[in-house]
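*Asks:* how does the following fold in three dimensions:
(chains A, B, C and D)
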Protein chains: 2
Amino acid sequence: MVTIRDVAREAGVSVATVSRALNNSPNVDPGYAERARAAAARLGYRPNHVARNLRRQSTEMIALIISDVSNPFFTAIARGVEDVAQREGYSVLLCNSDENSAKESTYLGVAEQQRVAGVILSPHQAGSDIARLRSAGIPVVIVDRPLSDDVDTVLSESREGARLGTRHLIDAGWGRPACVTGPVSATTATLRLLGYRDAVQEAGLPEISAQSIFQQSGGSAATRDLLSRPDPPDALLIANAQMALGALDEIRRRGIEVGRDIGLVTFDDAPWAPLITPPMTVIAQPAYDIGSHAAELLLDRVRSPDAQAPQRLVLPTSLIVRGSSRRS
Amino acid sequence: MVTIRDVAREAGVSVATVSRALNNSPNVDPGYAERARAAAARLGYRPNHVARNLRRQSTEMIALIISDVSNPFFTAIARGVEDVAQREGYSVLLCNSDENSAKESTYLGVAEQQRVAGVILSPHQAGSDIARLRSAGIPVVIVDRPLSDDVDTVLSESREGARLGTRHLIDAGWGRPACVTGPVSATTATLRLLGYRDAVQEAGLPEISAQSIFQQSGGSAATRDLLSRPDPPDALLIANAQMALGALDEIRRRGIEVGRDIGLVTFDDAPWAPLITPPMTVIAQPAYDIGSHAAELLLDRVRSPDAQAPQRLVLPTSLIVRGSSRRS
DNA sequence: GTGAAAGCGCTAACAA
DNA sequence: TTGTTAGCGCTTTCAC
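*Replies:* Have a look, this model is predicted:
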């Protein structure tokens, strides 16, 4: 491997000068700088960032830890994060905790031990422990699911979105809407259930709900449970896109028809949502914006680490009405 | 920040002993080891991996650089990679190059400068430059799209899969199947076109095709192009799931009905594929296995870096017949 | 403006 | 078995 010493020797200057030249330090003779750069190019020199990071006690990487890469909501967040990070000269390490606390804490540890500049975390569950990171002086921004009050957080309006979606179902003429949501450990699951409850109580309708994991299989299971009850619901408010896929599967399996026998609204405007039959009515979350805002907030903290009051951004959701909620 | 020196002082032993204890070195007195561990725990010591990596000249991270996180094919690969990496004590840095050569080479540079143990790359285009990485002694495994012959590669049978899918369309009674595929820069796009060509030539049918980017918008554009021709096709072989979504969109927009007016087969068994109407016939690629095999191969190379002959694994694809290819 | 040298935190020779 | 120490490659004082 070619090191900075090799470059210095080749250029006939000191290592300090090479370092300064390559880092565009202001006080370096243009002639020397050029010689250093030329020598570096000739030798194919690549600065060793491990060494640089050790010396500088900082890195230009941010870790994004999400619970499930295959959830389009999170991939959209990732896009938002990446775009601003890239623009600011940072790289993003995407860590997939796969709805698994052990994996999550492994990655939290990796982030700390690699001394990343900052972490954006979508906590698997409310108990996720970011205390270590924070005491190590690494800024953290939480997305999607609130963790506690004293940390920067970017969310969307889960409860209000759920209320609106349920209300829409009721207005469309469905008399027994139910809620299919995620595990109690996920705050978003609970908030969506609460929003649903707000709407049914307002309308004087019975509350029907089932909880399971935030995945396709969970959606199937919860829907199966609901539709097997003596008094089954006639509409479903579903808490995320993966669960919606599972619900659709179970509905198809039973030969029930969406729009005639059952009404559907789901969180997240997945790419496939407008393309199924009938097209899916959704409560869209501004996932990209959640990511970009989180990254901006994080980089602010990275650059001015003076303890400021934690910020909490709550972005609005929007109801996109398509066919699946229509009663025909 | 608490360092190994602090721990040594606290435990009343030398830094070397602490290091040995914490790394489970065999030759260390159990009593001392225990004292070191206790002191570390008491102080909340976290080894600085940046320093460790610099000293050891190695890391326990592998970089996975994929062209698009929102493509379910790649997220499945990521799962495969992560599972074996985790099992072997490595962490995975997922880098999303976003079908963008500049981003890809940024991440290639980051991987090199961070001295990752190895890289798994799904090259954006055939020209991706991994020479630097290789000359830096970092093993590379290529997935999905072949790059050159002298590097480890894990692929699936694109051409044969495309041939089978097209053949199936013809057998189902569609007389003018066309191919919707990705850009010429992507080898998989070309291979799938070739497989399609094999099948139509065999059957004495005309060759109809359109190329665009491997994304939803590309699928729409290519389909629009095809269906606007004077002699439009009556069936489509589509080269990936995102393009299929775009094709579906365009088809819906035109009021054409799948199964009656047009037959469809697409690469990749996306989660939504069985759930649309009619369910999508697909050529499934063993994405998870591609990922796990690639990771295994990579870790072999990491552990025994003696130059061995490059391996090339080609995994089979399988046709899953559902409704979209049926002529009713 | 430039270079010598210290030192980031750790591991691994080497000596005891 | 344990401790002392050199040194991984870099940046950044500090003295010139």
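
*Asks:* show the contacting residues for A:P274.
*Replies:* Residues in contact with A:P274 (Cβ atoms under 8 Å, 6 or more residues apart in numbering or on different chains) are A:280, A:322, B:249. Just so you know, the C-beta spots here come from the backbone N, C-alpha and C atoms, and that holds for glycine as well.

*Asks:* who in the stretch 1-150 of chain A is up against DNA strand C?
*Replies:* A:13-17, A:20, A:27-29, A:31-33, A:51, A:54-55, A:57 (Cβ under 7 Å from any atom of the strand).

*Asks:* hmm, try it at 6 Å
*Replies:* For the stretch 1-150 of chain A, the residues in contact with DNA strand C (Cβ under 6 Å from any atom of the strand) are A:13-17, A:27-29, A:32, A:54-55.

*Asks:* just the buried residues from those residues, in ChimeraX please.
*Replies:* Burial among these is assessed by 16 or more other Cβ atoms under 10 Å in any protein chain shown; the matching ChimeraX selection reads:
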select /A:13,15,17,28,32,54
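
*Asks:* what's the following helix or strand after the helix or strand where A:H168 lies?
*Replies:* In this structure, A:H168 sits in helix A:158-171 according to DSSP states H and E. Moving toward the C-terminus from helix A:158-171, the next helix or strand (DSSP H and E) is strand A:177-181.

*Asks:* now that next one against helix A:158-171, angle please.
*Replies:* Taking axes from the mean of the first three to the mean of the last three Cα atoms, to 10 degrees, one finds that strand A:177-181 is oriented at 150 degrees with respect to helix A:158-171.

*Asks:* who does strand A:177-181 pair up with?
*Replies:* strand A:209-211 (parallel), strand A:235-238 (parallel) (DSSP bridges).

*Asks:* what's the most buried one of those strands?
*Replies:* strand A:235-238 (a mean of 31; mean count of other Cβ atoms under 10 Å in any protein chain shown).

*Asks:* would you say A:R224 is within a helix?
*Replies:* Yes: assignment of A:R224 by DSSP: H, G, I helix; E, B strand; the rest coil places it within a helix.

*Asks:* and the lowest mean pLDDT element among the helices and strands of chain A?
*Replies:* Least confident element among the helices and strands of chain A, by mean pLDDT, DSSP states H and E: helix A:131-135 (a mean of 89).

*Asks:* same question for it: list its buried residues.
*Replies:* For helix A:131-135, by 16+ other Cβ under 10 Å, it's A:L133.

*Asks:* sorry, back to before: can you flag which of the residues of the stretch 1-150 of chain A next to DNA strand C belong to helices?
*Replies:* Using DSSP state H, the subset of those located in helices is A:15-17, A:32, A:54-55.

*Asks:* can you report how many residues lie near A:A162?
*Replies:* The number of residues packed near A:A162 is 28, by other Cβ atoms under 10 Å in any protein chain shown.

*Asks:* would you check that it makes contact with A:Y196?
*Replies:* Yes: A:A162 lies in contact with A:Y196 (Cβ atoms under 8 Å); the separation is 5.0 Å.

*Asks:* which residues do these two both contact?
*Replies:* In contact with both A:A162 and A:Y196: A:179, A:237, using Cβ under 8 Å, 6+ apart.

*Asks:* closest approach to DNA strand C from chain A, which residue is it?
*Replies:* Using Cβ to the nearest atom of the strand, the point where chain A gets nearest to DNA strand C is A:D29, with a distance of 2.9 Å.

*Asks:* give me the distance from stretch A:308-325 to the chain's centre.
*Replies:* 13 Å (Cα atoms, centre = their mean, to the nearest Å).

*Asks:* is chain B contacted by it?
*Replies:* No: on the criterion Cβ under 8 Å from any Cβ of the partner chain, stretch A:308-325 is out of touch with chain B, staying 11.4 Å away.

*Asks:* mind listing the strands for chain A?
*Replies:* Applying DSSP state E to chain A gives strands spanning A:61-66, A:91-96, A:118-121, A:140-143, A:152-156, A:177-181, A:209-211, A:235-238, A:263-267, A:281-284, A:312-315, A:318-320.

*Asks:* how close does the residue of chain A closest to DNA strand C sit to A:D6?
*Replies:* 21 Å (Cβ to Cβ, to the nearest Å).

*Asks:* where in chain A is pLDDT low?
*Replies:* Nowhere does chain A drop to pLDDT under 70.

*Asks:* get me the contact residues on it for DNA strand D.
*Replies:* A:1, A:3-4, A:15-16, A:19-20, A:23, A:47-48, A:51-52, A:54-56.

*Asks:* in those, find the pair that's most separated.
*Replies:* Using Cβ to Cβ, the pair of those lying farthest apart is A:M1 and A:R20, separated by 21.3 Å.

*Asks:* quick one, which of those two is more surrounded?
*Replies:* A:R20 (19 against 11).

*Asks:* wait, isn't A:A76 in contact with A:A287?
*Replies:* Yes: between A:A76 and A:A287 there is a contact under Cβ under 8 Å: 3.5 Å.

*Asks:* give me every residue that touches the residue sitting nearest the centre point of chain A.
*Replies:* Nearest residue to the geometric centre of chain A (Cα atoms, centre = their mean): A:F74, 4.2 Å. Applying Cβ under 8 Å, 6+ apart to A:F74 gives the contacts A:66-68, A:122, A:144, A:287.

*Asks:* next one: A:L43
*Replies:* With Cβ under 8 Å, 6+ apart, A:L43 has these contacts: A:2, A:6-7, A:10.

*Asks:* looking at those, which are in helices?
*Replies:* Going by DSSP H, the helices hold A:6-7, A:10 from the contacts of A:L43.

*Asks:* got a markdown table for those, with neighbour count and distance to B:S158 too?
*Replies:* Shown next, in a markdown table, are the ones in helices among the contacts of A:L43 (neighbours: other Cβ atoms under 10 Å in any protein chain shown; distance: Cβ to Cβ, whole Å):
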| residue | neighbour count | distance to B:S158 |
| --- | --- | --- |
| A:D6 | 16 | 44 |
| A:V7 | 27 | 44 |
| A:E10 | 18 | 46 |
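
*Asks:* closest to B:S148 among those?
*Replies:* Nearest to B:S148 among the ones in helices among the contacts of A:L43, with distances taken as Cβ to Cβ, is A:D6, at 28.8 Å.

*Asks:* apart from its neighbours in sequence, what residue is nearest the closest one?
*Replies:* A:L43 (5.9 Å; Cβ to Cβ, 6 or more residues apart in numbering or on different chains).
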